[in-house]
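> Take a look and give me a structure for this.
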Amino acid sequence: MFDFDQYLGFLAFLTILTIGFWLMIFLLTFVVPYWLFGNLIELYKEKRKAKMAKRNA
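Prediction:
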């Protein structure tokens with residue numbers, strides 16, 4: 001049915017597919033929200049700092 005080389009190739013394919021799947025899950029559930037939330041906080045801090053500087057000037 002399968003030669004040993006074909007079996008190893010199939011296992012390599014499944015491994016790469018699984019790694020890619022879990023990488024996408026990790027990126028979409030942790031990295032992207034962390035990046036967006038951090039950027040929003042920094043934007044808020046910059047606007048608040050500019051507003052305070054304008055008020056004190």
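> from here on, contacts and neighbour counts on C-alpha atoms
OK.
> Could you pull out the buried residues of the lengthiest helix in the chain?
Longest helix of the chain, by residue count under DSSP state H: helix 32-56. Buried residues in helix 32-56, counting neighbours by 16 or more other C-alpha atoms under 10 Å, are absent.
> can you list contacts of it?
Outside helix 32-56, not one residue touches it by C-alpha atoms under 8 Å, 6 or more residues apart in numbering.
> How far off centre is that helix?
How far helix 32-56 lies from its chain's middle: 22 Å, per C-alpha atoms, centre = their mean, to the nearest Å.
> pLDDT of it, averaged?
On average, the pLDDT along helix 32-56 is 96.
> Stretch 5-25 now?
Mean pLDDT, stretch 5-25: 96.
> Need the residues that contact it.
By C-alpha under 8 Å, 6+ apart, stretch 5-25 touches no other residue.
> then that stretch to PDB, C-alphas only?
Extracted in PDB, the C-alpha atoms of stretch 5-25 (Å, rounded to 0.1, in the frame of the first residue of the first chain):
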ATOM      1  CA  ASP A   5       9.200   7.000   2.000                       C
ATOM      2  CA  GLN A   6       5.600   7.800   1.200                       C
ATOM      3  CA  TYR A   7       4.700   7.200   4.900                       C
ATOM      4  CA  LEU A   8       7.400   9.600   6.000                       C
ATOM      5  CA  GLY A   9       6.300  12.200   3.500                       C
ATOM      6  CA  PHE A  10       2.700  11.900   4.700                       C
ATOM      7  CA  LEU A  11       3.800  12.300   8.400                       C
ATOM      8  CA  ALA A  12       5.900  15.400   7.400                       C
ATOM      9  CA  PHE A  13       2.800  16.800   5.700                       C
ATOM     10  CA  LEU A  14       0.600  16.200   8.700                       C
ATOM     11  CA  THR A  15       3.200  17.700  11.000                       C
ATOM     12  CA  ILE A  16       3.500  20.900   8.900                       C
ATOM     13  CA  LEU A  17      -0.200  21.200   8.600                       C
ATOM     14  CA  THR A  18      -0.800  20.800  12.300                       C
ATOM     15  CA  ILE A  19       2.000  23.300  13.200                       C
ATOM     16  CA  GLY A  20       0.400  25.800  10.800                       C
ATOM     17  CA  PHE A  21      -3.000  25.300  12.200                       C
ATOM     18  CA  TRP A  22      -1.900  25.900  15.800                       C
ATOM     19  CA  LEU A  23       0.200  28.800  14.700                       C
ATOM     20  CA  MET A  24      -2.800  30.500  13.200                       C
ATOM     21  CA  ILE A  25      -4.900  29.800  16.300                       C
END
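> This completes my enquiry, with thanks.
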